[in-house]
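K.L.:
with the sequence up front, the predicted model follows.
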Amino acid sequence: MSHVSTPAEIRILPEQLANQIAAGEVVERPASVIKELIENSLDAQATQIDVEIEEGGIKKILVRDNGCGIPQAQLALALCRHATSKIETATDLQAIDSLGFRGEALASIGSVSRLQLISRLADAPHAWCLSSRNGVDNHIEPIAHPVGTSLEVCDLFYNTPARRKFLRAERTEFRHLDEIFRRMALGHFDVGFQLKHNRRVVHQLRPAVDPSSLQRRIQQVFGKSFVQQSTSLDIQASGLRLWGWLSQPDYLRSQADQQYFYVNGRIIRDRIINHAIRQAYETRLYPGRQAAYVLHLELDESLVDVNVHPTKHEVRFRESRLVHDFIHKVVSDALSETNSSISTPMPRQHSHTTPVFSISGSPPQSRISEGTTDYRVLTQTHRVAQRETPFGIWLGEIQNRFWLFQNAHALVLLDLPKAREAVFQQKLQEATTPLQQQPILIPINLSLTTEQIVLLEKVQDPLRDWGIDVRVGGPNLAMVYHMPVMLRGVDVEKLLRGLLELWVSSTAGEQVPNQLAHLAAMHFRYDSNIDNMMPWLEAVVKLPSSIKSVWRSISSERLAELIEHG
């Protein structure tokens, strides 16, 4: 018997089915819809964009702008595939200066939802409304509406059940949507943004036109802590401009959720850029911690190709090495300047290009005097008192992390951050809950995101067991009233923010002692006075042997061996 099957007939897909298939590349979830619609509004030169959603965007998404609008005769054309006003020829692809250009977004969205498009031109007496269902246009009718465009998307994926069942819970979808909204808001400071979820205002961001309003928007999106612990930069060279904000090394996060990078106003993910920034931060971060930044790279459109990914999240640079080296140097220089301004005062070293003594001829007297002064300050900075400790005589500190001691038998090197964490961990494991509390004289106000507030309401009781009394005081406000006695000296605000960040991506209550110990050690208010640190050193000595050692003894024989053999 023959097993040769009859070949299936090749045929052109119906337009509606083709649109639904294409929607899979553009519309993954409600957040994808928000991104495409906001980009259209920005391309229409809108200065105010209002977003209203219901049930995480699954039930309804409405984006309203005050842009240039769409003529009545082109409303139906706007919902067709590959219909766009942003490019005309293949040459235009080489220098795209708009966020959207493929002409697929509205057609794809309309094919998997109930869509209503309303638009009015500035010189038109009224607006026109076009309704679409399953990608099929209904009639156009006049309607009252201000200048600009409103696009409403209802019941996303109602006609594709297989796609709809992959949508997550309302809270999860809202979190993704809120993230996209934040990214768009930090990419276009000159535009006002508003976000409402289930008729409640989540974000109200006014246009930012001066340094103070720029900082206000950053604070509204990233929080007060980032603003207080970030440095701004604005550098131009070789036809490139990099500007924005970088977190200082002591502002560290457990997730890479505050890393926004834009190329000509378009937020992107690029391994070359990520590597350049990560390399600049490499020696300044605790292991497992992440930096935060909002950076904008501006360059000629012909030097970057944005047409390399369906969702336009990736780009390709014509001179990738130049871009990498430029970003790495600018970020490194900015972090170095930050370190010099906030770390322990030290004399500023001279550049190798301007030596203290000239090679030829007699050295100028001013340079000799300058070099002598620097040497005197340097020697005074490192002079320490002969203070006896449980580890021996304290000799000094290395790189704001290690303490060096000398006893009768060896040198002792102590890793101070690890030692603090080990002490906190031991105390918390030995303690019984609820921990003893101490009141805070003036309650600490915390400005939190909506997601953090929702989480905080669920974990108030576990936090109280560990001695932390924090209560919700408003839509985006929490107040701290008590802290555990054993965590005295820890920055309360940073500790709580760190806990909430950890618990957003994990189950609250798991491994709380370890989490508290790690964050408490990281955000302990550092005191370099050896007398004040004596209780800590005594606690370190008493740590059980089962805890991984946080110090190391180096004998005289070992030192001699290191010197002899390198």
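P.N.:
Sure thing, it's come through. Bear in mind the structure is a predicted one, so any value in this text is a computation, not a measurement.

K.L.:
by residue count, tell me the biggest helix in this protein.
P.N.:
Looking across the chain with DSSP state H, the single longest helix is helix 320-342.

K.L.:
buried set for that one?
P.N.:
Neighbour-count burial for helix 320-342 flags 322-324, 326-328, 330-332, 334-335, 338 (criterion: 16 or more other Cβ atoms under 10 Å). C-beta here means a position set from N, CA and C on the backbone, and glycine is covered the same way.

K.L.:
tell me what it is packed against?
P.N.:
Counting contacts by 3 or more Cβ pairs under 8 Å, 6 or more residues apart in numbering; DSSP states H and E, helix 320-342 packs against strand 230-237, strand 240-247, helix 271-281, strand 293-298.

K.L.:
what about the residue lying closest to residue 433 once chain neighbours are set aside, neighbour count?
P.N.:
Nearest non-adjacent residue to residue 433, counting by Cβ to Cβ, 6 or more residues apart in numbering: residue 465, 4.4 Å away. Number of residues near residue 465 (other Cβ atoms under 10 Å) recorded here: 12.

K.L.:
look at residue 465 and report its pLDDT.
P.N.:
pLDDT for residue 465: 79.

K.L.:
and for residue 531?
P.N.:
For residue 531, the predicted pLDDT is 61.

K.L.:
and what of residue 339?
P.N.:
With respect to pLDDT, residue 339 has a value of 48.

K.L.:
remind me what the lengthiest strand in the chain packs against, helices and strands.
P.N.:
Counting by DSSP state E, the longest strand found in the chain is strand 437-447. Under the contact definition 3+ Cβ pairs under 8 Å, 6+ apart, strand 437-447 sits against strand 469-474, strand 477-484, helix 492-504.

K.L.:
tell me which residues of the host helix or strand of residue 394 come out buried.
P.N.:
Per DSSP states H and E, residue 394 falls inside strand 392-398. Residues of strand 392-398 classed as buried by neighbour count (16+ other Cβ under 10 Å): 392-395, 397.

K.L.:
sheet-wise, list the partners of that strand with their directions.
P.N.:
Applying DSSP bridges, strand 392-398 is found paired with strand 388-389 (antiparallel), strand 402-406 (antiparallel).

K.L.:
which elements pack onto the next helix or strand after the longest one?
P.N.:
Using DSSP H and E, the helix or strand that directly follows strand 402-406 along the chain is strand 410-415. If contacts are counted by 3+ Cβ pairs under 8 Å, 6+ apart, strand 410-415 sits against strand 402-406, strand 551-555, helix 556-565.

K.L.:
next, the angle from the second one to strand 410-415.
P.N.:
It refers to strand 551-555. Calculated by axes from the mean of the first three to the mean of the last three Cα atoms, to 10 degrees, strand 551-555 forms an angle of 160 degrees with strand 410-415.

K.L.:
just how off-centre is strand 551-555 within its chain?
P.N.:
Computed by Cα atoms, centre = their mean, to the nearest Å, the chain-centroid distance of strand 551-555 equals 39 Å.

K.L.:
output it in CSV with nothing but the alpha carbons.
P.N.:
What follows is strand 551-555 as a C-alpha-only set of coordinates in CSV (Å, rounded to 0.1, in the frame of the first residue of the first chain):
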residue,chain,number,x,y,z
TRP,A,551,38.6,37.5,58.8
ARG,A,552,42.0,36.0,57.9
SER,A,553,45.3,35.8,59.8
ILE,A,554,48.5,36.2,57.8
SER,A,555,51.6,35.0,59.7
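
K.L.:
need the residues that contact that strand.
P.N.:
Under the criterion Cβ atoms under 8 Å, 6 or more residues apart in numbering, residues 391, 409-415, 419, 540 lie in contact with strand 551-555.
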